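A.B. asks: here is my input; please provide its structure:
(chains A and B)
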Amino acid sequence: MPETLRHILASESPQSAITVRGWVRTKRESKSCAFLEVTDGSCFRGLQAVVDATLPSAALLSKVLTGASVEIVGDLIESPAAGQKWELQATELRLLGEADASYPLQKKGHTPEFLRTIAHLRPRTNLFSNVFRVRSRMAYAVHRFFQERGFFYVHTPIITSSDCEGAGELFRVTTLKQGSPEKPEEDFFGQPTYLTVSGQLQGETFACALGNIYTFGPTFRAENSNTARHAAEFWMIEPEMAFCDLFADMTMAEEQVKYLVDAMLTECPEELEFFNKFVDKELVNRLKQTLEKPFERISYTDAVDLLLKSGKSFEHPVVWGEGLQTEHERYIAEEHVKGPVTIYNYPKSIKPFYMRQNDDGKTVAAMDLLVPGIGEIIGGSQREERLDVLRAAMGHHGLSEEDYSWYVDLRRYGSVPHAGYGLGFERLLMFVTGVSNIRDVIPFARTPGHAAY
RNA sequence: UCCUGAGUAGCUCAGCGGUAGAGCGGGUGGCUGUUAACCACUAGGUCGUAGGUUCGAACCCUACCUCAGGAGCCA
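C.D. replies: Purely as a prediction, here's the structure:
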């Protein structure tokens, strides 16, 4: 493998006769020479190549427009001008792939809305190359966090027949033709199947065998949600821990968010500087504040109290027993706490059947971690491990034990207290980059009406 | 799905009843090292689509489409 710009730019001393391959970002021409800014994607910065007008290959310059791919041989020298430490004094320029005048990216800024229409070219821009380098680093940090703590990575199914009740609308998976007289039992799997909305239920079975496990993979929601925070296909991180209660669960969630924020601060400094300058000027401050102190914890009941006493007039009334609205969550995270906050012990009527019922009979051991600007980034709970209580909850939710017999079996054979949560990977990326639209942290976003590429 | 706003050159926008504009990007020429280079010239448009009002519509009205912001649902 030839050296990438990431290594070349970190060079300690000049080098002669090196080869650089990449894409032209800008060209600045004057009479005696031309300056080509070349990037290869390996890092944010590019390398300035100086092509003297007397070089034989300088004749190619008229065809080297923004977006063209080039191979340049030359000497890495200290740049005599301000703006960069190193530059490449070219001895030979080769045009690998022309980009004609219709190339849509120019050196001036583009709006994210326009760039979404050219998702195949936007990773060549500053913003998106930074976003997707960070996405890769963060995915690695997610695995590192769990692997360092002895968690096992479990690949839960993407096609599933269980609908993880309460997690939203599902996409149907079928080989039956539309309008076909065939019945579901004649379908490929012999029963209705869907794209998974969560690996949690299957994850629980592995936690009740391997101890601590996590999943990290794509999940799907067929909700007609049109917001900057929802996508039909997104990646979720779902740890599940045996012998774990709600408070240990909350501690784990906090530890993970801090670990990932720290990874952003220490491993992606160039990208972070860019985001802080061009995307969100408060980003670095906010990330540093996240690490400073323990996340506040407020019970749902106390949260309702403080909302009622806030003196704020909310569009939606604050009522114990109803879900917290976005405006309520924003007030708590952004005005009351001014930082990440975990709300726990929600009314059981608004939560799914598998959450553990508390002794008060009214609430379940659920928790949501809210962060300023984004809202819910993590949702989790301690799971109901008592056979009779779980059966009763399933009855209340109108679920048949037959459909979940394997899930109920976990409570029948060696049941243990266990807990877990789901962290939306894209929401985490929005938090650490400051990018405000989920469509801009996914390589090819799937939202209602949009599945191009 | 609901509410609000916006669609004018490849991109970002100005024009808001009376001959379609600028910057960037492209082309040509100039400039002794530029940094979103600079200077001059130049090409580039069914003003989202379809109706309507008017002597006259990019501009006013209606519908639809698309996008954005907010809400619901949630991660």
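A.B. asks: quick one, domains of chain A?
C.D. replies: Here the domain parsing of chain A from automatic domain parsing is A:5-97, A:122-440.
A.B. asks: how far does stretch A:303-314 sit from its chain's centre?
C.D. replies: The chain centre lies 32 Å from the centre of stretch A:303-314; the measure is C-alpha atoms, centre = their mean, to the nearest Å.
A.B. asks: for RNA strand B, what are the nearby residues on the stretch 1-150 of chain A?
C.D. replies: By C-beta under 7 Å from any atom of the strand, the residues of the stretch 1-150 of chain A that approach RNA strand B are A:26-33, A:35, A:37, A:48, A:50, A:62, A:65-66, A:79-84, A:87, A:89, A:101, A:104, A:106-111, A:113-114, A:116. C-beta coordinates here come from the backbone N, C-alpha and C atoms, glycine included.
A.B. asks: can you tell me which of those residues are buried?
C.D. replies: With neighbours counted by 16 or more other C-beta atoms under 10 Å, these contain buried members at A:27, A:33, A:37, A:48, A:50, A:65-66, A:79, A:87, A:89, A:116.
A.B. asks: next step: those residues restricted to strands.
C.D. replies: Among those, DSSP state E puts A:27, A:33, A:37, A:48, A:50, A:87, A:89 in strands.
A.B. asks: what number of residues lie near A:I237?
C.D. replies: By other C-beta atoms under 10 Å, 23 other residues sit near A:I237.
A.B. asks: contacts only, for it.
C.D. replies: A:142, A:214-216, A:422-425 (C-beta atoms under 8 Å, 6 or more residues apart in numbering).
A.B. asks: again, but for A:Y153
C.D. replies: Applying C-beta under 8 Å, 6+ apart to A:Y153 gives the contacts A:143, A:146-147, A:213-216.
A.B. asks: list the buried ones in stretch A:115-134?
C.D. replies: A:115-116, A:119, A:122-134.
A.B. asks: now do stretch A:178-188
C.D. replies: A:D187.
A.B. asks: quick check, A:I298 in a strand?
C.D. replies: Yes - judged by DSSP: H, G, I helix; E, B strand; the rest coil, A:I298 forms part of a strand.
A.B. asks: show me what it is bridged to.
C.D. replies: Counting by DSSP bridges, A:I298 is bridged to A:I343.
A.B. asks: distance check, it against RNA strand B.
C.D. replies: According to C-beta to the nearest atom of the strand, to the nearest Å, A:I298 stands 17 Å off from RNA strand B.
A.B. asks: show the pLDDT at the residue of chain A positioned farthest from its centre.
C.D. replies: The outermost residue of chain A relative to its centre, with distances by C-alpha atoms, centre = their mean, is A:T54 at 49.0 Å. pLDDT for A:T54: 90.
A.B. asks: tell me which stretches of the stretch 301-450 of chain A form strands.
C.D. replies: A:341-347, A:363-371, A:375-382, A:418-424 (DSSP state E, counting those that start in this stretch).
A.B. asks: and the helices in the stretch 51-200 of chain A?
C.D. replies: Under the criterion DSSP state H, counting those that start in this stretch, the stretch 51-200 of chain A contains helices at A:112-116, A:126-148, A:200-210.
A.B. asks: check the stretch 301-450 of chain A too.
C.D. replies: In the stretch 301-450 of chain A, helices defined by DSSP H, counting those that start in this stretch lie at A:326-330, A:387-396, A:405-412, A:425-433, listed in chain order.
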